[in-house]
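Visitor: this one's sequence-less:
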């Protein structure tokens with residue numbers, strides 16, 4: 001039986017295979033890539049430093065948001081809802097539905113140093129979310145400092161105002 005020589009693949013088939021392989025390797029817009037992309041926030045000496053441009057890009061691409069606060073913190077929840085819906089134009093994710101972003105606002109834990117008159121009072125942290133709705137990657141951290149005896153509603157108001165001023169949100 002004579003041996004047959006393999007036929008060369010036509011250039012059309014080769015191009016089609018290359019296109020298929022390239023398309024299979026694409027990552028959808030907004031999806032997480034593996035370790036290639038640097039983290040938007042880094043922690044050094046108990047202070048987060050975040051990439052404002054990366055955060056603004058994530059914020060612009062987000063459609064829905066969720067809020068996490070203390071269980072009975074109606075003040076923070078109400079002011080965050082106003083910020084997210086009226087100022088940022090996002091929709092609040094229905095309960096049990098994953099959001100694109102998670103806004104966490106909590107008082108900053110005091111480190112027990114006595115005789116301090118001022119310090120960090122609260123933090124607003126904004127995370128991307130996993131498909132299951134849990135916090136994923138920290139995208140932005142905003143801390144608010146002031147007199148330690150400042151009431152929490154004033155801290156919430158100041159923290160949101162500071163965040164709005166930093167990103168020119170009216």
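Guide: Arrived safely. As the structure is a computational prediction, the values presented were derived from the model and not from experiment. Numbers count the residues shown, from 1 in each chain.
Visitor: Could I get the full set of helices for this protein?
Guide: 11-24, 52-61, 74-82, 152-166 (DSSP state H).
Visitor: closest to residue 131 out of those?
Guide: Closest to residue 131 of those is helix 52-61 (CB to CB; 15.8 Å). C-beta here means a position set from N, CA and C on the backbone, and glycine is covered the same way.
Visitor: how about that closest one: buried residues?
Guide: Buried residues in helix 52-61, counted by 16 or more other CB atoms under 10 Å: 54-55, 58-59.
Visitor: now these as TSV including pLDDT?
Guide: Below are those laid out as TSV (pLDDT from 0 to 100):
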residue	pLDDT
54	95
55	96
58	96
59	97
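Visitor: By mean pLDDT, show me the worst of the helices of the chain.
Guide: Looking at these, the lowest mean pLDDT belongs to helix 11-24 (a mean of 36).
Visitor: okay, which residue is most central for this protein?
Guide: residue 127 (3.1 Å; CA atoms, centre = their mean).
Visitor: Now do the same contact list for it.
Guide: 101-102, 104, 135-139 (CB atoms under 8 Å, 6 or more residues apart in numbering).
Visitor: Apply 10 Å and report the result again.
Guide: 40-41, 58, 66, 68, 99, 101-104, 134-141 (CB atoms under 10 Å, 6 or more residues apart in numbering).
Visitor: Who does it form a beta bridge with?
Guide: For residue 127, the beta-bridge partners under DSSP bridges are residue 102, residue 138.
Visitor: That one and residue 80: what is the separation?
Guide: 14 Å (CB to CB, to the nearest Å).
Visitor: What of residue 63?
Guide: 17 Å.
Visitor: Tell me which of those two has more neighbours.
Guide: residue 80 (24 against 11; other CB atoms under 10 Å).
Visitor: Contacts only, for that one.
Guide: Contacts of residue 80 by CB under 10 Å, 6+ apart are 65-69, 73, 92, 103-105, 124, 156, 159-160.
Visitor: I'm done for today, thanks for sticking with me.
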